[in-house]
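>>> Sequence plus the predicted model coming up.
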Amino acid sequence: MSPVAKNSASEVSTEPLHKVQKEAARVTLLGLALDLFLGAMKIIGGMLFASFALVADGVHSLSDAATDMFVLAIARTAYAPADTGHPYGHGRF
């Protein structure tokens, strides 16, 4: 079954698409929370134990969190419903 199913000639159902969008957002938010937590712990641990490598890895984890925020923003656009300019939806960005 495709993510978007037609009910009639002029009506498009996006119910399954909303489920996919919610699941993608949930997984990305979980990853964001973990990246923020791990990044903070690595930076704190690196400062406590004078490990520049651990601090650098913590900063890298924070950059992963920034990427997660970008993914959330793009996913919102990608899952936007069909409109006159995009009759089949915004599935690709």
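Noted; the coordinates are in hand.
>>> Now do the strands in the protein.
Along the chain, the segments classed as strands by DSSP state E run 5-6, 12-13.
>>> Go through these and find the least confident stretch.
Set side by side, these show their lowest mean pLDDT on strand 5-6, which sits at a mean of 48.
>>> buried set for the helix ranked longest in the chain?
In the chain, ranked by residue count with DSSP state H as the criterion, the top helix is helix 15-48. Going by neighbour count (16 or more other C-beta atoms under 10 Å), the buried part of helix 15-48 is Leu17, Gln21, Thr28, Leu32, Asp35, Leu38, Gly39, Lys42, Ile43, Gly46. Yep, even glycine has a C-beta here, placed from its N, CA and C like the rest.
>>> Report the contact partners of the second one.
Spelled out, that is Gln21. Going by C-beta atoms under 8 Å, 6 or more residues apart in numbering, Gln21 touches Ala75, Tyr79.
>>> how much space between it and Leu62?
The span separating Gln21 from Leu62 equals 26 Å under the rule C-beta to C-beta, to the nearest Å.
>>> And the fourth one, by the same measure?
Separation of Leu32 from Leu62 (C-beta to C-beta) stands at 11 Å.
>>> What's the local residue count around Ala50?
Summarising burial for Ala50: neighbours were counted as other C-beta atoms under 10 Å, giving 8.
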